[in-house]
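my questions are about this predicted structure, shown below with the sequence.
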Amino acid sequence: MDILDALRDAVGAANVLTGSDAEAYARDWTGYYEGAPLCAVRPASTEEVSKVVRAASQAGVAIVPFGGNTGLMGGTHASGRIALSLERMNKVREIRPSSRMAIVEAGVVLSQMHEAADAHDLVFPLTFGARGSARIGGVLGTNAGGSNVLRYGNTRALCVGIEVVLPSGEVMDLMTELVKDNSGYDLRDLFIGSEGTLGIITAAVLRLWPKPKAYATAMVAVPELGVALDLLNTLQNATGGAVEAFEYMPRNYIDAHLAHGKTARQPFADAHDHNIMIEIGATAPRDAEPDETGAIPIQTYLEEVLAGLIEEGRVIDAHVARSESQRREMWERREAAGELTNAMGHSVITDVSLPLERVETFLDRSKTEIARIDPDARLMVVSHLGDGNVHLTVWPSDIEAHYDAVMEVVETIVRDLGGSFSAEHGIGLGKRGSMARRKDPVALALMRQIKATLDPRNILNPGKVLPD
């Protein structure tokens, strides 16, 4: 009761939720990680976050930071702990169009950030299916990726400065707008991707980009996956690196979408094994302004390139979106991945990163070796193919019996191919086993030293990221 009283003093009684009032913080989006928190606390300022952290440190009670609670790895599991939600810290403080910077609080929802940038004819290019609920603090905490990494980079590349409340309650102000600052260790990048285990990010300075004046978006079917890399390079060379998305959806993904999507349709008249969604963003007027026939040059160009590749046999079929509704249908097909995964039941979710030329080898080996363990296992693949990030989801015939074996098979193949077992979902609870088995032991030892130095009382999101 002493800690609850201290928290009420810090943020007001109405913003310390207990019992049934805190149920929204008792389970994650997947429904797999459940556990009632001691309470949920909703501070409205960095000062209040600092007071909460100091009170928790003095009482020896752990804190779990909450963003939009859209993660897949159990990073917000808060059983018996303080769930610290930044939902009230949701202001876009300032948009600076001339320098293309945004100063925002950590509770800003990603779609809210998109709207704020759009009002100035700019974009904050981070995007994925959960953009309507994910918050800036969460995407910074996991260094989220999404569909536009190919052109703009992960969250880390989109952030210039941060404000962080440390485990001591001290506030570290790194809210610089400088693109270049070599004044010592890069502490900003230490906290981005740390999943709230080292500090609580309360605000950020984010980079904005010119809004494309036109998009050329298409669904393309290729005879084999190996052709896709040539297609990507052809388009990148021809557009000066303007390819924003290059998303792979094989037949098993399309079939799942057709089975579970209420308005789902086949992307082509005939079903194909290898389907890719391409989007090019044109910022130059010469590529975006309609010609005398009303055609958009970048769309016409994409059609011409794809027509030539069809004649060469390198592309089987292609459909270029001719309206915003057709473009949105293509994006909705890709962004349904999370909902499809949940709809199909508890699964082994993998999120791996590979050298581009080894993605096909990874998929072939995974299919063969998982079938050897469990012939009745079902697989679904979707991939940010342009940056080598593959989401392979497996539904074993007996998930308890085969979970660890499937995970270790995938890890082994990834290691053999020079990849990483974690691309964009973070570690949380779900990948601590992978960290123990696959992470360089010297790197793990150094991570533990950093955690112990910054958080000696182990109050910030304990038990996450680092294996026991």
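Now that the structure is in, tell me what you want to look at. What you see is a predicted model; the values in this text were computed from it and never measured. Numbers count the residues shown, from 1 in each chain.

so where do the strands sit in the stretch 201-350 of the chain?
Read by DSSP state E, counting those that start in this stretch, the stretch 201-350 of the chain holds these strands, from start to end of the chain: 209-210, 214-221, 243-250, 274-282, 317-320, 348-349.

so how far is the last one from its chain's centroid?
Just to be clear, that refers to strand 348-349. With C-alpha atoms, centre = their mean, to the nearest Å as the basis, strand 348-349 stands 16 Å off its chain's centre.

what packs against that strand?
The contact analysis (3 or more C-beta pairs under 8 Å, 6 or more residues apart in numbering; DSSP states H and E) places strand 348-349 against strand 389-395, helix 399-416. All C-beta atoms are positioned from the backbone trio N, CA, C, and that covers glycine.

how about JSON lines for the strands of the stretch 201-350 of the chain, with mean pLDDT and distance to R378 added?
Shown next, in JSON lines, are the strands of the stretch 201-350 of the chain (pLDDT from 0 to 100; distance: least, C-beta to C-beta, whole Å):
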{"stretch": "strand 209-210", "mean pLDDT": "96", "distance to R378": "39"}
{"stretch": "strand 214-221", "mean pLDDT": "97", "distance to R378": "23"}
{"stretch": "strand 243-250", "mean pLDDT": "97", "distance to R378": "13"}
{"stretch": "strand 274-282", "mean pLDDT": "97", "distance to R378": "19"}
{"stretch": "strand 317-320", "mean pLDDT": "96", "distance to R378": "26"}
{"stretch": "strand 348-349", "mean pLDDT": "92", "distance to R378": "11"}
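
out of those, which is closest to G71?
Nearest to G71 among the strands of the stretch 201-350 of the chain is strand 348-349 (11.0 Å), distances taken as C-beta to C-beta.

run through who's touching the closest one.
Contacting residues not belonging to strand 348-349 are listed as 72, 341, 391, 393-396, 399, 402-403, 406-407, 425, 430 [C-beta atoms under 8 Å, 6 or more residues apart in numbering].

next SSE downstream of that strand?
For strand 348-349, the following helix or strand on the C-terminal side (DSSP states H and E) is strand 352-353.

what's in contact with that following strand?
362, 387-390, 392, 410, 414, 419-423.

circling back to that earlier point, the strands of the stretch 201-350 of the chain into JSON lines, with extra columns for distance to H114?
Formatted as JSON lines, those follow (distance: least, C-beta to C-beta, whole Å):
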{"stretch": "strand 209-210", "distance to H114": "12"}
{"stretch": "strand 214-221", "distance to H114": "15"}
{"stretch": "strand 243-250", "distance to H114": "14"}
{"stretch": "strand 274-282", "distance to H114": "14"}
{"stretch": "strand 317-320", "distance to H114": "24"}
{"stretch": "strand 348-349", "distance to H114": "26"}
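
how about these in JSON lines, adding mean neighbour count and distance to K51?
Formatted as JSON lines, those follow (neighbours: other C-beta atoms under 10 Å; distance: least, C-beta to C-beta, whole Å):
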{"stretch": "strand 209-210", "mean neighbour count": "14", "distance to K51": "37"}
{"stretch": "strand 214-221", "mean neighbour count": "23", "distance to K51": "46"}
{"stretch": "strand 243-250", "mean neighbour count": "24", "distance to K51": "42"}
{"stretch": "strand 274-282", "mean neighbour count": "24", "distance to K51": "44"}
{"stretch": "strand 317-320", "mean neighbour count": "18", "distance to K51": "55"}
{"stretch": "strand 348-349", "mean neighbour count": "20", "distance to K51": "37"}
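
among those strands, which is nearest A288?
By C-beta to C-beta (comparing all of the strands of the stretch 201-350 of the chain), the closest turns out to be strand 214-221, at 3.6 Å.

now that closest one against strand 243-250, angle please.
Relative orientation of strand 214-221 versus strand 243-250 (axes from the mean of the first three to the mean of the last three C-alpha atoms, to 10 degrees): 20 degrees.

gap between stretch 452-461 and the chain center?
Relative to its chain's centre, stretch 452-461 lies at 25 Å (C-alpha atoms, centre = their mean).

buried residues in it?
Neighbour-count burial for stretch 452-461 flags L454, D455, I459, L460, N461 (criterion: 16 or more other C-beta atoms under 10 Å).

how about the residue in this protein that sits furthest from its center?
Farthest-out residue of the chain from its mean C-alpha position, per C-alpha atoms, centre = their mean: E292, at 40.9 Å.

how far away is that residue from K367?
50 Å (C-beta to C-beta, to the nearest Å).

which residues in the stretch 1-150 of the chain form strands?
Secondary structure of the stretch 1-150 of the chain (DSSP E, counting those that start in this stretch): strands at 16-17, 39-41, 63-66, 82-85, 92-96, 101-105, 122-123.
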